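[1] One predicted model, sequence on top.
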Amino acid sequence: MEKILAEHRKTIGDFEVLEIDEERVRALRSQIDIDVPVDLHWTWEYASEVEELRALYERGKRGQWNAEEDVDWSIPLPRDEWFLPREGVLILPSILTAMGADEATCQAAAWDEFSHLFSQLLHGEQAALQLCGQLTNACPTMDAKFYAASQVVDEARHVEVISKFLQRKIGTIHPIGATLKVLLDKLLEAPTWKMKTLGMQCLFEGMAVGIFDTIQKGCSNPLLADVIRRVKQDEARHAAFGILTMRRTVRDATPEEMAEMEDFSFNILEALNANQQHDMLRELAPKYGLDPANVVQMALGLPEWPKLNSEVFMHTVVPNLARLGLITERTEERYRKCGILYGDRFGVGPDADVQASLQPN
Ligand SMILES: [Fe+2]
Ligand SMILES: [Fe+2]
């Protein structure tokens, strides 16, 4: 199976990094009308058939919140205060600190990188909104339709709250990174509801839980902390939907279908990993006198790179895939080789919020 964006790879040592030229980036961003297949499935069974999904839908109804009214937008986000740790969470301030740059420069770089990261999460939220609309149409049972419809509202709220945060507190929304655009289109274009569910609900929701948790742990601004806490609790429910639905799907799958799902999962995560934040670095690193390729090379050369790099993957997405049986002896080595999987493939245990969402009530 060919790697995603195979024609845009270049190698650093034995690692393949994605580098997409500006012209292609512009073309990808301007492609806003996408022809996607969606099966529309009626059902006449209105009673609950999938109890655990109905319970998740009930949990979702209870967990609703209002992005305009429940969030205290009067809390400031001062530009000259650290709201994330200076080192360890964001790349640019970590490197600049190591290079001896002054506080103001490191702070400016942190501000830029965070606004870039939060903008990418915003675009991802829009994709989730669109995809859940598709799932509402395509899912076979009323329980899944109820649940997907409730997630549509959640994702609309996430788009609302993150875009308001960026507009009101940061002042910039960065355009979507090229790799992310390609991957999100792949999920939206996936031919069946099962593949769409695997792609968005397991892979991307799992990544989102990992990223939001990392920000949440380091965050010292009360407004940002509150927004992240609220969004992450919703995302944990979304990841739980992925697990519950894929458990049934995997149980009924043929060996060929299993292989297809395993390869699809690996290819999406591999491309995300091959980007190595290159899309962000190409936009921001030169502003701080850094060469994007050098930054990637430095990171790849760190002795503890496989452990550091795998952290966000090992948080939720990889252990969840392993528990579903979608990372197997056959595919495990591929994940290890590119630095996505490190240590035990089942990780250290499920995320607490995801675990809570998996409980019946
Ligand atoms: Fe979301
Ligand atoms: Fe979500």
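    Received it, and whenever you're ready, just let me know what you need. Ligands and ions are numbered 1, 2, ... in the order given.
[2] who touches residue 119 in this structure?
    Contacts for residue 119 (Cβ atoms under 8 Å, 6 or more residues apart in numbering) come out as 166, 172, 173, 174, 175, 176. From N, CA and C alone the C-beta is placed, and that goes for glycine too.
[3] Go again with 10 Å.
    Going by Cβ atoms under 10 Å, 6 or more residues apart in numbering, residue 119 touches 162, 163, 166, 170, 172, 173, 174, 175, 176, 177, 280.
[4] Tell me how many other residues surround the nearest residue to the third one once chain neighbours are set aside.
    It stands for residue 166. Of all residues not flanking residue 166 in the chain, residue 173 sits nearest, at 5.0 Å (Cβ to Cβ, 6 or more residues apart in numbering). Residue 173 has 16 neighbouring residues, counting by other Cβ atoms under 10 Å.
[5] hang on, residue 173 in a strand?
    No: using DSSP: H, G, I helix; E, B strand; the rest coil, the secondary structure at residue 173 is coil, not a strand.
[6] Nearest residue to the one residue in the stretch 251-361 of the chain that gets nearest to ligand 1 in space, ignoring adjacent ones along the chain?
    Residue nearest to ligand 1 within the stretch 251-361 of the chain (Cβ to the ion): residue 353, separated by 13.1 Å. Using Cβ to Cβ, 6+ apart and skipping residues adjacent in sequence, the residue nearest residue 353 is residue 236, 3.3 Å away.
[7] Spell out which residues of this protein are next to ligand 1.
    125, 128, 155, 158 (Cβ under 5 Å from the ion).
[8] So the second one sits against residue 197, correct?
    No: counting by Cβ atoms under 10 Å, residue 197 is not a contact partner of residue 128; they are 11.8 Å apart.
[9] helix, strand or coil for residue 65?
    coil.
[10] Ok, residue 74 next?
    Per three-state DSSP, residue 74 ends up coil.
[11] Relative to residue 164, how far out is it?
    Distance of residue 74 to residue 164, computed by Cβ to Cβ, to the nearest Å: 13 Å.
[12] Would you mind telling me which of the two has the busier surroundings?
    Legend: neighbour count by other Cβ under 10 Å for residue 74 and residue 164, higher for residue 164 (15 against 6).
[13] Excluding residues flanking it in the chain, which one is nearest that one?
    residue 67 (6.7 Å).
[14] residue contacts, that neighbour?
    Residue 67 neighbours (Cβ under 10 Å, 6+ apart): 73, 156-165, 227, 230-231.
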